[in-house]
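K.L.:
From the sequence below, what's the structure:
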Amino acid sequence: LDRLDPAKLPAALVRTVLDMITSMWRHDRHGAIRGALRKGPVLAGGGALRPDVTDRIARCLGTRVRLADDPSTAVVRGAGQILSSVLR
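P.N.:
Numbering: from 1, shown residues only. Below is the predicted model of the structure:
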């Protein structure tokens with residue numbers, strides 16, 4: 001992504017997120033993804049702080065999106081919790 005034209009970055013982020021959601025949806029045998037999408041997906045990471053990205057994702061999915069608490073550190077905090085639980 002660092003070699004992309006900065007003007008194209010939001011579109012690339014949106015496409016990546018939508019591709020991930022579509023992939024999870026395809027493999028969802030129990031409807032959990034569909035239920036989560038009805039509530040609005042929770043976005044984390046630096047892209048979640050960009051209204052141009054979150055607005056596009058919401059429009060494409062036809063639902064609202066929610067932001068994780070402190071989106072810029074949510075991924076690292078989650079990884080830390082997983083590591084902590086594995087090391088117990």
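K.L.:
number of nearby residues for residue 19?
P.N.:
Residues lying near residue 19 (other C-beta atoms under 10 Å) number 10. C-betas here are computed from N, CA, C, even on glycine.
K.L.:
Quick check: it vs residue 80, distance?
P.N.:
The gap separating residue 19 from residue 80 is 27 Å, by C-beta to C-beta, to the nearest Å.
K.L.:
next one: residue 26
P.N.:
As judged by C-beta to C-beta, residue 26 and residue 80 stand 30 Å apart.
K.L.:
so what's residue 24 up against?
P.N.:
Counting by C-beta atoms under 8 Å, 6 or more residues apart in numbering, residue 24 makes contact with residue 33.
K.L.:
Could you point out which residue ranges in the protein have low pLDDT?
P.N.:
1-4, 6 (pLDDT under 70).
K.L.:
Could you measure from residue 60 over to residue 31?
P.N.:
Where residue 31 is concerned, residue 60 sits at a distance of 21 Å (C-beta to C-beta).
K.L.:
between the two, which one's more packed in?
P.N.:
It is residue 60, of residue 60 and residue 31, that has more neighbours when counted by other C-beta under 10 Å, with 13 against 9.
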